[in-house]
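# got a sequence here, can you model it:
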Amino acid sequence: MSELVPASQVFDEARRVSARDVAEKCGAVLRGGGTHGWARARRCVLCDGRFDLSVSVSGWRCHKCGEHGDAIALWSKFAGVSAFEAACELAGYFPEQVATKETVSREDALRRREDARARAEANRTKSVRSGDASDASVARARRLWEASRPAANTLAVTYLRARGATLTHALHACERLRFHAKVPWYDPDDDSDTPRPACFTPALVAPVRLPDGAVLGVHLTHLSEDGRAKAALTPAKKMHGLTVDEDGRPGGVLLVAPASPTDTLVVGEGIENALAGARFALEARACGRGAGVFAALSLDRLQGGVGRGAWGGVDWRRPTPDPRAPAATIPHRGPVLVVVDHDMRGLINNGC
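As a prediction, this is how the structure comes out:
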């Protein structure tokens, strides 16, 4: 029999796991916060309160039920297990492998982990389908689109050119994009019942096209006053309306249509990345001048979900796709060229 692992080591390893990763493991859909800041969830994974869960790398807090703590505490409360069993789950051990007086059988641990995974999947599905598809959100998207004007000859062209798009691509994209001179921005930390806009900025407004071709949502990019960069706000981007279809497939923004069905489609994470990537692909002769350009609008939507093992962790050595969380989808018969950034978030091996 192999030597037992000290319980102190298990807790030390578990504390290195980000609370944000655990929140997503619980099925939370996080928005904003960058890499290290506080992000917000559409609904608390514990009390189901909408827009009430704040999560950072080191901790979390629900502003409705008052629960708070670190990553271990979040998994403990979500899965209904002791802090010791939660630490084992996050660090990648079964309780029987740890030197402790607490007795937990492997069968019981596996059963509770499977129950927690099922709850997490239900949370994720509820957040994606009800959060994005609310009537108020769709109405807000429609109002923003109708109040904006064609993007040609506006700061939208300035912004896209400053972010690396060719003039041709920028002008073609602006045939599909719109520009709004004064869009309200709301502080995500404003917990009041009737939040007021913190400021107003010019914005690039992009139609989010679902896999069946319907457009019921928009993607906003708040711009600086001169249009040469994003506004110095967090978050500077936001989506409104329906951006995921009934089967959970995300939509995206078709910036430039392929000249023919067999031409290459360049796919990128964001609008800026996709257009800049198309420019580099043209210069490297990786695609022709008839190539189309499509933006998935986020890294998760570009790559799709990552499959998790029996313990709920990601096997970073052999990552597999999660068929329940597909990537952004668009009908296309020709070749696809995916362009990626150098800042892609790494996978964490916690519990495989």
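
# biggest strand in the protein by residues?
strand 199-209 (DSSP state E).

# so which other helices or strands are in contact with that one?
Applying 3 or more CB pairs under 8 Å, 6 or more residues apart in numbering; DSSP states H and E, we find strand 199-209 packed against helix 135-147, helix 155-162, strand 178-185, strand 215-222, strand 237-242, strand 253-256. Backbone N, C-alpha and C define where each C-beta goes, glycine included.

# the fourth one pairs with which strands, and in what direction?
Taking DSSP bridges as the criterion, strand 215-222 sits next to strand 199-209 (antiparallel), strand 237-242 (antiparallel) in its sheet.

# report pLDDT for residue 100.
With respect to pLDDT, residue 100 scores 75.

# which residue is the nearest non-sequential neighbour of it?
residue 7 (4.7 Å; CB to CB, 6 or more residues apart in numbering).

# phi and psi next, for the one you found.
The phi/psi pair for residue 7 (degrees, to the nearest 10) reads phi -60, psi -30.

# how many other residues sit next to it?
By other CB atoms under 10 Å, the residues close to residue 7 number 18.

# contacts only, for it.
Residue 7 sits next to 84, 87, 98-100 when contact means CB atoms under 8 Å, 6 or more residues apart in numbering.

# please apply the same query to residue 327.
If you count contacts by CB under 8 Å, 6+ apart, then residue 327 has 250, 296, 301-304 around it.

# quick check: ChimeraX command selecting the buried ones in the residues you listed.
Entered in ChimeraX, the line below selects the buried ones among the contacts of residue 327, by 16 or more other CB atoms under 10 Å:
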select :250,296,301,302,303,304
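
# turn the helices and strands packed on strand 199-209 into JSON lines, columns for mean pLDDT.
JSON lines is the format used below for the helices and strands packed on strand 199-209 (pLDDT from 0 to 100):
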{"stretch": "helix 135-147", "mean pLDDT": "86"}
{"stretch": "helix 155-162", "mean pLDDT": "96"}
{"stretch": "strand 178-185", "mean pLDDT": "95"}
{"stretch": "strand 215-222", "mean pLDDT": "93"}
{"stretch": "strand 237-242", "mean pLDDT": "88"}
{"stretch": "strand 253-256", "mean pLDDT": "95"}
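
# dump these to a markdown table, plus mean neighbour count and distance to residue 56.
Putting the helices and strands packed on strand 199-209 into a markdown table (neighbours: other CB atoms under 10 Å; distance: least, CB to CB, whole Å) gives the following:
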| stretch | mean neighbour count | distance to residue 56 |
| --- | --- | --- |
| helix 135-147 | 15 | 25 |
| helix 155-162 | 22 | 30 |
| strand 178-185 | 18 | 21 |
| strand 215-222 | 23 | 23 |
| strand 237-242 | 22 | 20 |
| strand 253-256 | 24 | 30 |
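
# for the ones you listed, which one sits closest to residue 18?
strand 237-242 (21.8 Å; CB to CB).

# what's the angle between the closest one and strand 178-185?
100 degrees (axes from the mean of the first three to the mean of the last three CA atoms, to 10 degrees).

# distance of residue 200 from residue 187?
Distance of residue 200 to residue 187, computed by CB to CB, to the nearest Å: 13 Å.

# so who does residue 224 touch?
Contacts of residue 224 by CB under 8 Å, 6+ apart are 201, 230-232.

# ok, residue 167 touching residue 161?
Yes. Taking CB atoms under 8 Å as the definition, residue 167 is a contact partner of residue 161 at 6.6 Å.

# residue 295 is in contact with residue 273, correct?
Yes. Counting by CB under 8 Å, residue 273 touches residue 295, with 7.4 Å between them.

# tell me which of those two has more neighbours.
Remark: of residue 273 and residue 295, residue 295 carries more neighbours, 27 against 21, as counted by other CB under 10 Å.

# that one: what's it in contact with?
Contacts of residue 295 (CB under 8 Å, 6+ apart): 206, 252-253, 255, 267-271, 273-274.

# just put these in CSV and tack on distance to residue 149.
Shown next, in CSV, are these (distance: CB to CB, whole Å):
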residue, distance to residue 149
206, 14
252, 23
253, 18
255, 18
267, 28
268, 25
269, 27
270, 22
271, 18
273, 25
274, 23
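
# which pair of those residues spans the longest distance?
Largest separation among the contacts of residue 295 by CB to CB: 206 and 267, giving 15.0 Å.

# quick check: residue 71 vs residue 139, distance?
Distance, residue 71 to residue 139, by CB to CB: 37 Å.

# oh, I was asking about residue 250
21 Å.

# what of residue 39?
Counting by CB to CB - residue 39 and residue 139 are separated by 25 Å.

# low-scoring stretches of this structure, by residue?
1-2, 31-38, 42, 48-53, 101-104, 121, 123-135, 191-193, 308-314, 342-352 (pLDDT under 70).

# what segments of the stretch 1-150 of the chain are helices?
7-15, 19-25, 71-79, 83-91, 106-126, 132, 135-147 (DSSP state H, counting those that start in this stretch).

# could I get those helices as TSV with distance to residue 262?
What follows is the helices of the stretch 1-150 of the chain, written out as TSV (distance: least, CB to CB, whole Å):
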stretch	distance to residue 262
helix 7-15	51
helix 19-25	38
helix 71-79	48
helix 83-91	48
helix 106-126	36
helix 132	33
helix 135-147	31
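
# which one of the ones you listed lies nearest to residue 338?
Within the helices of the stretch 1-150 of the chain, the stretch nearest residue 338 is helix 19-25; the backing value is 22.7 Å (CB to CB).

# mind listing what the residue nearest the centre of the chain touches?
Among the residues of the chain, the one closest to the centroid is residue 300, at 5.0 Å (CA atoms, centre = their mean). Residue 300 sits next to residue 325 when contact means CB under 8 Å, 6+ apart.
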